[in-house]
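# need a structure here:
(one chain, ligands or ions: 1)
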Amino acid sequence: MDTQHERTAAQRLHQPADGEKAEGEMKAIVYDAYGSPDVLRLEDVPRPKPGDEDVLIRVRAASVNSWDWDNLTGAGGGVGSFAVQLAKAYGAEVTGIDRGDKLDFTRSLGADHVIDYTVRDFTEVSRRYDAILDVTAHRSMFAYRRVLGLSGGYHMIGGETRRILEALVMGGVLKICRSSRSFGILMHRPNCGVSYFVGLFESGKVLPSIDRIYPLSETREALRRIGEGSVLGKVVISV
Ligand SMILES: NC(=O)c1ccc[n+]([C@@H]2O[C@H](COP(=O)([O-])OP(=O)(O)OC[C@H]3O[C@@H](n4cnc5c(N)ncnc54)[C@H](OP(=O)(O)O)[C@@H]3O)[C@@H](O)[C@H]2O)c1
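Now for the predicted structure:
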């Protein structure tokens, strides 16, 4: 991606700030190269002008980022903190897996059981799970298969390309063999099930867990905090 293009894309992504800017301008976090949070700068940029087919959205806040399933890796993180609550809303018995200092938080989200991944490898225990939702995919697909019930499903949300390919191959082989177990990738689909999720939020069954809110000008610090690995739930940028 060339610099001009990256810059334009960053400008498109960032939304109007608090109305204090001159007409036609807004604050935005911009970057010209990949790298650590140090490459990010807060700048005044031209406000995007929507075309006939476009919609201009005013964003007030954004999050900074790095379902009957029973087993959930990365349960204390941004994705996991929602997934534990969703799984409980479906009535599942949930085992949340994360680092030791995030397990009280994971329990507070509703997890019935917790495992510290630095102490115990859940794929080495005798228990079988109906479903595994994997945010990190650090283990081989054979290890996951070992702890998956006979008609269980493994769903990968995040992980290295190598693991994604392994999950796809395992899923394909199991399908050919007509196995009742399944392996696949869970992909975010924009606007899918929005009204259902709004209902869950309105009823209080699922709530966002916000670790900390940063102003737009401190986006770099927010990203650094994510990098430290101590975040519980989501980090939010207030615009
Ligand atoms: N498929 C999709 O549509 C979709 C959508 C959104 C996000 N994602 C992907 O999902 C992944 C996670 O995002 P996130 O925002 O939840 O990240 P996050 O907030 O960093 O959470 C990840 C959590 O997993 C923990 N973890 C690390 N290694 C583990 C292990 N071996 N076993 C269990 N837990 C472990 C981390 O703990 P530590 O602090 O100890 O590392 C952290 O608490 C990313 O790769 C992201 O790209 C995919």
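
# Which secondary structure state does the residue nearest the centre of the chain sit in?
In the chain, the residue lying closest to the centroid (Cα atoms, centre = their mean) is Val79, at 3.5 Å. Under DSSP: H, G, I helix; E, B strand; the rest coil, the three-state class of Val79 is helix.

# In its sheet, which strands sit next to the helix or strand where Ile132 lies, and in what direction?
Element membership of Ile132, judged by DSSP states H and E, is strand 129-134. Sheet pairing for strand 129-134, assigned by DSSP bridges, gives strand 71-73 (parallel), strand 148-156 (parallel).

# So what touches stretch 221-239?
By Cβ atoms under 8 Å, 6 or more residues apart in numbering, the residues outside stretch 221-239 that reach it are 15-18, 27, 37, 40, 59-66, 76-78, 81, 99, 101-102, 105, 208-216, 219. The way it works is simple: take the backbone N, C-alpha and C, and place the C-beta from them, glycine included.

# In helices only, show me those.
When DSSP state H defines the helices, the subset of the contacts of stretch 221-239 inside them is 78, 81, 105, 219.

# State the pair within the residues you listed that is farthest apart.
Greatest spatial distance among the ones in helices among the contacts of stretch 221-239 (Cβ to Cβ): Phe105 and Thr219, at 23.8 Å.

# so Tyr171 touches Leu186, yeah?
Tyr isn't right for residue 171; it's Gly. No. The criterion here is Cβ atoms under 8 Å, and Gly171 misses it with Leu186 at 11.8 Å.

# So which residues on the protein come close to the ligand?
With Cβ under 6 Å from any ligand atom as the criterion, the chain meets the ligand at residues 65-66, 73-74, 76-80, 97-99, 102, 117, 135-136, 138, 157-158, 186-188, 229, 231.

# quick one, which of the strands paired with strand 129-134 is nearest to Tyr90?
strand 71-73 (12.3 Å).

# which SSE is the residue lying closest to Asp101 once chain neighbours are set aside in?
Leaving aside its chain neighbours, Asp101 sits nearest to Ser230 (7.7 Å; criterion: Cβ to Cβ, 6 or more residues apart in numbering). According to DSSP H and E, Ser230 maps onto no helix or strand at all.
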